[in-house]
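Student: Pasted the sequence and its predicted model underneath.
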Amino acid sequence: MNTASEILVIILSVFLAVFLLLGIILSIYLIKLTRDIRAVTKSAERTVNHIESAVSGVAKITSPLFVAEIIGRYIKKFTKKRKGE
């Protein structure tokens with residue numbers, strides 16, 4: 001081989017090594033990023049589940065109270081009409 005082709009092979013080998021190192025480093029960062037995203041999604045899922053259970057608990061309490069309040073209003077209206085007659 002002549003010197004020009006040897007220089008070209010060396011340059012290409014260096015670029016190949018650099019891109020190989022960049023690929024390895026980027027893949028490591030990508031793995032770390034996916035782990036962080038997975039942790040964030042699990043945390044968000046737990047938060048949503050806690051909020052959902054709290055809302056369902058409040059709904060169980062407020063529904064009977066709301067129905068009792070409406071019934072109480074109708075009873076008051078009915079008794080006021082009876083007394084007025």
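Tutor: Here it is on my side, so go on.
Student: to the chain's geometric centre, what's the distance from whichever strand or helix holds Val18?
Tutor: Assigned by DSSP states H and E, Val18 belongs to helix 3-84. Here the centre of helix 3-84 is set off from its chain's centre by 1 Å, with Cα atoms, centre = their mean, to the nearest Å.
Student: which regions of the chain sit below the pLDDT cut-off?
Tutor: 83-85 (pLDDT under 70).
Student: do that again at 90, thanks
Tutor: Counting by pLDDT under 90, the ranges of the chain that qualify are 1, 53-85.
Student: Check the spacing between Ser43 and Ala54 real quick.
Tutor: 17 Å (Cβ to Cβ, to the nearest Å). To be clear about C-beta, it is placed using only N, CA and C from the backbone, and glycine gets the same treatment.
Student: ditto for Ile25
Tutor: In terms of Cβ to Cβ, Ile25 sits 44 Å off from Ala54.
Student: quick one, what contacts Val9?
Tutor: For Val9, the contact set (Cβ atoms under 8 Å, 6 or more residues apart in numbering) comprises Met1.
Student: could you measure it against Phe15, distance?
Tutor: 11 Å.
Student: same check, this time on Leu33
Tutor: 26 Å.
Student: quick one: Arg82 and Ile75, what's the gap?
Tutor: Taken as Cβ to Cβ, the span from Arg82 to Ile75 is 11 Å.
Student: Kindly apply the preceding question to Gly23 instead.
Tutor: 77 Å.
Student: repeat for Lys60
Tutor: 24 Å.
Student: Likewise for Glu52?
Tutor: 35 Å.
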